[in-house]
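Provided below are the primary sequence and the corresponding predicted coordinates.
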Amino acid sequence: MVDSAAQQSLRSPAAHIGYGAIQIDSHSDTRGASTATCEPTPVPSYVRGLRWLERIPGLQLLPAVAVTILLWNLPIYPASMDPTGPRILSVYAGMIVAVMTTSYELSVLILLTLAFLTVTQNLQCHTRDGRPLACNRCGTSRSAGLPSTYSPLATVDGGIYECDGLSGAFDVAISGFVNKINWLVFCAFHIGKAVMLTGLGQRIGFGLLRAMSGSVLSLGYAFCLVELALAPFVPSNTARGGGIIYPIVISVIQALNVDQTHNAATARFLVFTAAQANLISSSFYITGMAGNPLLAHRAHTVFDIEWDFSRWFVGNLGPGLTILAITPLLTYALFRPRLDPEMAQMAIAHRSSELKPFSRAEAQLCVILLTALVAWVTTPWTGVDSTVVAFLAFALVVVTEILPWREVLANHTAWDTLFWLGSFIILAQQLNEFGVSAWLGGVLSYRLDGLGPWSALWALAVIYAATMYLFSSMTSHIMALSAPLLMAAADLGCPPLPAIAIVSYLGPLSACVTNYSTGVLSMYFSEKYIERSAWFRLGLMMLVVYIAVYATVGAAWWKILQWY
């Protein structure tokens, strides 16, 4: 398992938001784990320029507060829109700015956001008979304040809106924690912890490396397959890539005696390929990274489509496997590594021999994971909800003591994600309820009006991917832009399922353009095998390839699936 220092690093803002990285060395303990220390990594220049604010408590939030006040008072919103909607948007935008410009943890910022919206009653309550109404209008007369057209469905008893604004706002603020998608990710986090604790992840990784160590190219494919095998069960791309795959990659590099001066091309190839593999695996499953479930929720909100585990996975089989097949080839052509196959086999065999014998806990976990995977894939035919499958698998892992309950309590990443993901779900729902998401989508679709549905869809895809340069977190990128883009796609008449698929798959893949877009890439970049300018250039090349694959193979595959 990853030691306490590594676990703390994986729980830090660096892991979730991208302000730093975990430096994990290659000295494995008896279970194949790694030790870790924190090491600062490059961040966007606009973030570095605000670091002086950290010296004075609270001042870090000044840029976020300024953005909130500005958007709160801008006279740009439709007259027919309830003012509560723009207020939520203002606070939400301010929070996104805070995510990118402060060192506060994501959950702290989301807590502050929900607390502010609750106290100011800028959420949607319901009257006694269940009709929607802005919480700040509870207890007021129908004729006071705003025209009744803002809340045409609200019930009025005796001329007064009958509801409790503060209590109702709090009920709304915590309602996201019962969302099934949130619990799917929570259970998957604990299952992933079991994979790490038992050493099964290390065993799978080195097992595939031993089977595919015939050449340096095959090592690149092995890293891709290891990521793909673990991604359904380890929903944090940082925990998966940083806690399991990264130590293996560095162990292999050091065992091969390559560095910046000796056969550096091999090290560059392995590092860059493993980094891309993390993003590819993150795009393959709804549980591939923590931000993916937000897309499932928004797909249901915008298009009323259930974007579940099986549909997500099947939709990416054609283009995703194509990307998986060509990525090592492309990186091999770019870096032209050279490696003695016999040396690679000996080095990997030596590292594998340090693993403990296959344990009973690993065998039990294998059975549980395979059963869960089959149940997830067959959901369209069995009708068993994906969250139910994850919950039962989690229960079995705990009951069999593969994952002791104390480890469940100590898995801070899971509890942290449960909090912020549930909060984002309710904020997204509120923006939709007040018509803000539809309005933003309409503004964007107006700019693209005149394009055909498919041309507009690919224009939206390029906009979505290009904006990744502005973000140091894949999750913040998804939560900021996915809803407006899906709304715009709906307004422009884009085919729903392909639109959802493109936004879903490009969410993780677009992170390839920088070295700071997610913690895992920062970790690989910190090895100093690839210069930043080269990483940016190579990342842009990979993004162009990814979009091209979805525009060709993806479109053909979705036609076969009868998605349009």
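Cool, the structure landed.

what are the ranges of the helices in the stretch 151-300 of the chain?
Using DSSP state H, counting those that start in this stretch, the helices of the stretch 151-300 of the chain run over residues 165-173, 180-198, 200-211, 216-230, 237-240, 246-255, 264-284, 292-303.

of all the ones you listed, which one comes closest to residue 521?
Ranking these by their distance to residue 521 (criterion: CB to CB) puts helix 264-284 first, at 5.4 Å. For the C-beta atoms, the positions are set from N, CA and C on the backbone; glycine is no exception.

buried sites along the closest one?
Residues of helix 264-284 classed as buried by neighbour count (16 or more other CB atoms under 10 Å): 265-284.

mean confidence score for it?
The average pLDDT within helix 264-284 is 94.

off-centre distance for it?
Helix 264-284 sits 18 Å away from the centroid of its parent chain (CA atoms, centre = their mean, to the nearest Å).

and it, what other elements does it pack with?
Counting contacts by 3 or more CB pairs under 8 Å, 6 or more residues apart in numbering; DSSP states H and E, helix 264-284 is packed against helix 216-230, helix 237-240, helix 246-255, helix 317-335, helix 496-509, helix 519-525, helix 532-549.

can you tell which of those helices is closest to residue 289?
Among these, the nearest to residue 289 by CB to CB is helix 237-240 (4.3 Å).

rebuild the helices and strands packed on helix 264-284 as a markdown table, extending it with mean pLDDT, mean neighbour count and distance to residue 196.
Below are the helices and strands packed on helix 264-284 laid out as a markdown table (pLDDT from 0 to 100; neighbours: other CB atoms under 10 Å; distance: least, CB to CB, whole Å):
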| stretch | mean pLDDT | mean neighbour count | distance to residue 196 |
| --- | --- | --- | --- |
| helix 216-230 | 90 | 23 | 10 |
| helix 237-240 | 80 | 29 | 7 |
| helix 246-255 | 79 | 23 | 11 |
| helix 317-335 | 96 | 19 | 23 |
| helix 496-509 | 96 | 25 | 21 |
| helix 519-525 | 84 | 29 | 15 |
| helix 532-549 | 94 | 17 | 28 |
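
dump those into CSV; add distance to residue 480 as well.
Below are those laid out as CSV (distance: least, CB to CB, whole Å):
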stretch, distance to residue 480
helix 216-230, 26
helix 237-240, 18
helix 246-255, 27
helix 317-335, 24
helix 496-509, 11
helix 519-525, 18
helix 532-549, 18
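
out of those, nearest to residue 62?
The nearest among the helices and strands packed on helix 264-284, by CB to CB, is helix 519-525 at 25.8 Å.

dump the C-alpha coordinates for that closest one into PDB.
Output in PDB follows, covering the C-alpha atoms of helix 519-525 (Å, rounded to 0.1, in the frame of the first residue of the first chain):
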ATOM      1  CA  GLY A 519      -1.700  15.800 -10.600                       C
ATOM      2  CA  VAL A 520      -0.600  12.700 -12.400                       C
ATOM      3  CA  LEU A 521       0.900  14.700 -15.300                       C
ATOM      4  CA  SER A 522       2.600  17.000 -12.900                       C
ATOM      5  CA  MET A 523       4.200  13.900 -11.300                       C
ATOM      6  CA  TYR A 524       5.500  12.500 -14.600                       C
ATOM      7  CA  PHE A 525       6.700  16.000 -15.600                       C
END
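
that one: how far from the chain's middle?
15 Å.

now for it, which elements pack on it?
Using 3+ CB pairs under 8 Å, 6+ apart: helix 519-525 touches helix 13-17, strand 20-24, helix 237-240, helix 246-255, helix 264-284.

let's see 7 Å
If contacts are counted by 3 or more CB pairs under 7 Å, 6 or more residues apart in numbering; DSSP states H and E, helix 519-525 sits against strand 20-24, helix 237-240, helix 264-284.

if we can go back for a sec, any idea which of the helices and strands packed on helix 264-284 gets closest to residue 389?
Nearest of the helices and strands packed on helix 264-284 to residue 389, taken as CB to CB: helix 216-230 at 17.4 Å.

so which elements touch the closest one?
Where contact means 3+ CB pairs under 7 Å, 6+ apart, helix 216-230 is packed against helix 200-211, helix 264-284, helix 317-335.

if you set the cut-off to 8 Å instead, what comes out?
Right, helix 216-230 is packed against helix 200-211, helix 246-255, helix 264-284, helix 317-335 by 3+ CB pairs under 8 Å, 6+ apart.

go ahead and confirm residue 461 touches residue 547.
Yes. Counting by CB atoms under 8 Å, residue 461 does reach residue 547; the two are 6.2 Å apart.

now for these two: what residues contact both?
residue 506 (CB atoms under 8 Å, 6 or more residues apart in numbering).

thinking again about what came up before, same list (the helices and strands packed on helix 216-230) but as JSON lines, adding distance to residue 448.
JSON lines is the format used below for the helices and strands packed on helix 216-230 (distance: least, CB to CB, whole Å):
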{"stretch": "helix 200-211", "distance to residue 448": "43"}
{"stretch": "helix 246-255", "distance to residue 448": "40"}
{"stretch": "helix 264-284", "distance to residue 448": "24"}
{"stretch": "helix 317-335", "distance to residue 448": "23"}
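
residue 343 is nearest to which of those helices?
Nearest to residue 343, of the helices and strands packed on helix 216-230 and by CB to CB, is helix 246-255 at 8.7 Å.

hey, which helix or strand in the protein has the poorest pLDDT?
Ranked by mean pLDDT, DSSP states H and E, the weakest helix or strand in the chain is strand 20-24, scoring a mean of 32.

distance between stretch 519-537 and the chain's centre?
Distance, centroid of stretch 519-537 to centroid of chain: 20 Å (CA atoms, centre = their mean).

and that stretch, end to end?
Taking CA to CA, to the nearest Å, stretch 519-537 runs 19 Å from one end to the other.

surely residue 210 touches residue 348?
Yes. Using CB under 8 Å, residue 210 is in contact with residue 348, at 5.4 Å.

which of these two has more neighbours?
Taking neighbours as other CB atoms under 10 Å, residue 210 and residue 348 compare with residue 348 leading, 26 against 15.

quick one, what contacts residue 488?
So residue 488 contacts 440-442, 444-445, 448, 456, 460 (CB under 8 Å, 6+ apart).
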